[in-house]
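Student: need the 3D shape of this:
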Amino acid sequence: MDEKASPKLVNRREHRKSSFKMGRTIGEKREKLETANERAAARKKDKKKKAVRILLTVVGFLILIGLLIVLAVALIGESKPSDEGGEEQNVTVIYEPSIEVIDEDNPSGQITSRMSSYIGQAEEDFKDLGYKPAKAVIPSGAVREVDFYLEERPGFIKMIIDRGSAVSVEDADRMIRYLESIGVGQYEYIDVRIEGKAYWK
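Tutor: Here you go, the predicted structure:
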């Protein structure tokens, strides 16, 4: 029969030191206490951040309001009503000639509304440049041509209603001044029916 080993006596003095240290946390360090200066600095920093956030919010709000105002003004400008009836101003002026109009193919004097309006507008354009229209003649066989006679000017001006009256009158004015500059006092007609070209005879 084996002898049982007798238990060893443990020296209590070896284990008298506790692994815990009195007056300390398990982490062996106390939490660091914030000083009054650190708390004041932190509060000041928070106030600055809050002020910046408020300022950015206000600036963004003002920019948004400005954009809305600009958009509203643009929309109002596009659809601005006229003084009469609250509708947009979209008036087409119809000119009536005050000079004599002779249609060589129709002695009764009945002409189309388009031809009548063109003659009236060209009459006003000539007056704007200082000329005095005397009469307009629609030559025989012509569908869109009209000849203007001006007071104190020789000959006549051949124009066509397919071109704008203002540009045709300006071309005629340039041709008249050119002929005067080169000493041509008499001519049968000036032809400004073709854009960019003018003829005289």
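Student: and residue 132, how many neighbours?
Tutor: 12 (other C-beta atoms under 10 Å). C-betas here are computed from N, CA, C, even on glycine.
Student: skipping adjacent residues, who's closest to it in space?
Tutor: Nearest residue to residue 132 in three dimensions, chain neighbours excluded: residue 151, at 4.1 Å (C-beta to C-beta, 6 or more residues apart in numbering).
Student: per-residue confidence at the one you found?
Tutor: The model reports residue 151 with a pLDDT of 91.
Student: again with residue 166
Tutor: Reading off the model, residue 166 has pLDDT 90.
Student: which one is it nearest to, not counting chain neighbours?
Tutor: residue 125 (5.2 Å).
Student: mind checking how far the residue positioned nearest the centre of the chain is from residue 64?
Tutor: Central residue of the chain (C-alpha atoms, centre = their mean): residue 74, 9.0 Å from the mean position. Distance from residue 74 to residue 64, counting by C-beta to C-beta, to the nearest Å: 16 Å.
Student: go on, residue 48?
Tutor: 25 Å.
Student: next SSE after the helix or strand hosting residue 43?
Tutor: Using DSSP states H and E, residue 43 sits in helix 36-78. For helix 36-78, the following helix or strand on the C-terminal side (DSSP H and E) is strand 100-103.
Student: rewinding a little: for the residue nearest to residue 166, grab the count of nearby residues.
Tutor: Residue 125, neighbours per other C-beta under 10 Å, totals 22.
Student: tell me the pLDDT at it?
Tutor: 92.
Student: for residue 154, what are its contacts?
Tutor: 185, 186, 187, 188 (C-beta atoms under 8 Å, 6 or more residues apart in numbering).
Student: distance of it from residue 99?
Tutor: 18 Å.
Student: and stretch 137-148, how far apart are its ends?
Tutor: With C-alpha to C-alpha, to the nearest Å applied, stretch 137-148 spans 7 Å between its terminal residues.
Student: flag every buried residue along it.
Tutor: 137, 138, 145, 146, 147, 148 (16 or more other C-beta atoms under 10 Å).
Student: among those, which ones are in strands?
Tutor: Within those, residues falling in strands by DSSP state E are 137, 138, 145, 146, 147, 148.
Student: just grab the bridge partners of the third one for me.
Tutor: Going by DSSP bridges, residue 145 is paired in beta bridges with residue 160.
Student: in terms of pLDDT, where does it sit?
Tutor: So, for residue 145, pLDDT stands at 91.
Student: which ones are touching it?
Tutor: Residue 145 neighbours (C-beta under 8 Å, 6+ apart): 138, 139, 158, 159, 160, 161, 193.
Student: cool, and the last one?
Tutor: For residue 148, the contact set (C-beta under 8 Å, 6+ apart) comprises 122, 123, 126, 133, 135, 136, 156, 157, 159, 172.
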